[in-house]
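**Student:** Sequence and predicted structure are below.
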Amino acid sequence: MRNVLPQVSAALQDVYDPCCREKGISVVDMGLLHTAAQDDSGAVRVELLLTSGWCPFASKVLLEVEDRIAAIPGVTESEVEIVWDTAWTTDRMSEAARRKLRFLPDPAQVTSRDDYLAAHPAPMSILSSGGPS
């Protein structure tokens, strides 16, 4: 197997994470591209991560990624799979994606999820507070 991550990354730079399309953040910048390898026959196998296992757009992303990979010169076949045993985390994001999504904390600041949430409570919503007074 040959590592084709650079070629695959370049081909996917304008395939956007559906939830970040308005921010112009690609699946590569979101850190969704896990592995990419090509065998001697030219078949490419790519593994993607999802930001959430509940992503309603997973099949759309898979099809778009598969189409882009198939268009790479020298690729005879493309296979794209979701990796379920590795969690996506914000430290996989590029610096460009981080700047576009400034509301996300630097992963180095979150040594304990519970401690971070306790120090940064979410604002009360109208629904949870029983409505406006």
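**Tutor:** That came through fine. All values derive from a computational prediction rather than experimental measurement.
**Student:** where along the chain do the helices fall?
**Tutor:** 5-11, 58-70, 95-100, 113-119 (DSSP state H).
**Student:** Out of these, which gets nearest to S78?
**Tutor:** Evaluated with CB to CB, the helices of the chain place helix 58-70 nearest to S78, the distance being 3.9 Å. All C-beta atoms are positioned from the backbone trio N, CA, C, and that covers glycine.
**Student:** Show me the one of the helices of the chain that comes nearest D17.
**Tutor:** Judging those by CB to CB, what sits closest to D17 is helix 58-70, at 7.4 Å.
**Student:** Buried residues in the closest one, which are they?
**Tutor:** For helix 58-70, the neighbour count (16 or more other CB atoms under 10 Å) marks 61-62, 64-66, 68-69 as buried.
**Student:** Reformat the helices of the chain into TSV and put distance to M30 next to each item.
**Tutor:** Shown next, in TSV, are the helices of the chain (distance: least, CB to CB, whole Å):
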stretch	distance to M30
helix 5-11	12
helix 58-70	10
helix 95-100	6
helix 113-119	20
